[in-house]
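Chemist: let me see the structure of the following:
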Amino acid sequence: MTALRTLVATIMMTAISAPAFALDKVTLRLDWVYGSEHAPIFLARDKGFFEKEGIDVTLLPGQGSTVTVKLVGNGSEEFGYAAADQGLMAYAKGLPVVSTAVILQKNPVAVIFPKSSGIKTLPDLYGKTMGIPFQSVGEKQWRYVVKFNKIDSSRIHEVAVDRNIAAMIEANKVDASLAFFFNDGLKVVSDGTPMDWILLSDVGLPIYSTSLLVNEETIKKNPDLVRRFTHAFVAGWTYALSHEQEALDAFLKDNPAVDPKYSALKLPEVLKLTQSRRRRRTALAIPHGKNGRTCKKPSSIWGSWIARSTYQRSSPMSSSNRAGFPRS
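Modeler: Next up, the predicted model:
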């Protein structure tokens, strides 16, 4: 009996003292400064979704999708969360970034305006002053929509805006502006002015928005890591769809300095963008393919908007299945 007890004690001490398997440490660079549009990602981290997959993730704020795409493309960051169009254009120019999950199925870029402006349609902008973030991807999208809808932009007084869109609307310096509706539009709403908007995706430009990006070399060298990270990342978004308040609470806990009212307005609108008509429950998409090849290319609207040369290489919206991504 004494020998048995000694054996059991030895086994228990060995189990206790044995080193745990080290988690894979990675970084995830977001598209912008922390906002409640990132709440599902904070939730995935705080609920242990990444840890369950053997990953220790460090979240980093972004400075725009263009910067995030470059950091992932040059290997400075393992993963990035950025606009799909930025990844697509970067890939066409030779930067090895691909998407493993499309999160926002609908583009949030919109023409935003106070409800009191009387604007209902794009022609209603004639004679109005409109803010445009010149030399941005948003401006390129707007020019496409203008051409698609045969809008005479010479009849719209365009002025430059940057990060001051909400302030310029509130100060009546512009009648409308091009912006992410859930950022500047809802900021003005939070400050007390009823707002409305026209999504570019509803007037001729139905393209994807933010997605999870990774460098092709990372997939080649560690496909299992990419698979596990993608699963944890998507799990956070899927869980947030039915646990919105929990996701918001997780974000506010980690970011106590942000405006809780504004944050509460944004999150449900962002979650709506994860939905598409093609899926009944959730449109969080994990690309897949056969024999390690890519799956479907984006819709033809991408090619007509960006450039014919885009498809000289495989589309980042159709990433490789070498990481073993399941059919969604």
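Chemist: where are the low-confidence patches of this structure?
Modeler: 1-20, 277-328 (pLDDT under 70).
Chemist: domain assignment for it?
Modeler: Under automatic domain parsing, the residue ranges defining each domain of the chain are 23-106+208-312, 109-202.
Chemist: will you turn the ones you listed into a markdown table that also has mean neighbour count?
Modeler: Placement of C-beta: from N, CA and C, glycine included. A markdown table is the format used below for the domains of the chain (neighbours: other Cβ atoms under 10 Å):
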| stretch | mean neighbour count |
| --- | --- |
| domain 23-106+208-312 | 19 |
| domain 109-202 | 18 |
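Chemist: hmm, Asn255 is touching Tyr34, no?
Modeler: Yes. Between Asn255 and Tyr34 there is a contact under Cβ atoms under 8 Å: 5.3 Å.
Chemist: what is in contact with these two at once?
Modeler: Counting by Cβ atoms under 8 Å, 6 or more residues apart in numbering, no residue touches both Asn255 and Tyr34.
Chemist: residue contacts, Val26?
Modeler: By Cβ under 8 Å, 6+ apart, the neighbours of Val26 are 55-58, 78-79, 225, 229.
Chemist: what's the nearest residue to Pro260 if we skip its chain neighbours?
Modeler: Distances taken as Cβ to Cβ, 6 or more residues apart in numbering place Leu252 nearest to Pro260, at 5.8 Å, with adjacent residues excluded.
Chemist: ok so the one you found is a strand residue?
Modeler: No. Going by DSSP: H, G, I helix; E, B strand; the rest coil, the assignment for Leu252 is helix, not a strand.
Chemist: shouldn't it be in contact with Val258?
Modeler: Yes. Counting by Cβ under 8 Å, Leu252 does reach Val258; the two are 6.9 Å apart.
Chemist: joint contacts of those two?
Modeler: Joint contacts of Leu252 and Val258 (Cβ under 8 Å, 6+ apart) are Ser36.
Chemist: residue contacts, Thr129?
Modeler: Here Thr129 is in contact with 157-159, 173-176 (Cβ under 8 Å, 6+ apart).
Chemist: does Gly62 touch Thr27 like I think?
Modeler: No. Contact criterion Cβ under 8 Å: Gly62 and Thr27 do not qualify, at 11.5 Å.
Chemist: leaving out chain neighbours, which residue sits closest to the most centrally placed residue in the chain?
Modeler: Centroid-nearest residue in the chain, with Cα atoms, centre = their mean: Thr210, separated by 2.7 Å. If the residues on either side of it in the chain are set aside, Thr210 comes closest to Leu104, at 4.7 Å by Cβ to Cβ, 6+ apart.
Chemist: quick one: the strands in the stretch 1-150 of the chain?
Modeler: Secondary structure of the stretch 1-150 of the chain (DSSP state E, counting those that start in this stretch): strands located at 24-29, 55-60, 79-83, 97-102, 109-114, 129-132.
Chemist: ok, the stretch 201-328 of the chain next?
Modeler: In the stretch 201-328 of the chain, the strands defined using DSSP E, counting those that start in this stretch lie at 210-215.
Chemist: which stretches of it form helices?
Modeler: 216-221, 223-242, 244-254, 260-272, 300-305 (DSSP state H, counting those that start in this stretch).
Chemist: relative to Gly48, which of the ones you listed is closest?
Modeler: Each of the helices of the stretch 201-328 of the chain was scored for nearness to Gly48 using Cβ to Cβ, and the closest is helix 223-242 (9.1 Å).
Chemist: contacting residues around the closest one?
Modeler: For helix 223-242, the surrounding residues in contact (Cβ under 8 Å, 6+ apart) are 24, 26, 28, 39-41, 43-45, 47, 49-50, 52-55, 57, 78-79, 100-101, 103, 212, 214, 218-219, 246-247, 271, 274, 282, 284, 286, 322-325.
Chemist: picking up where we left off before, Throw the strands of the stretch 1-150 of the chain into TSV and include distance to Lys70, thanks.
Modeler: Shown next, in TSV, are these (distance: least, Cβ to Cβ, whole Å):
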stretch	distance to Lys70
strand 24-29	10
strand 55-60	14
strand 79-83	9
strand 97-102	9
strand 109-114	20
strand 129-132	24
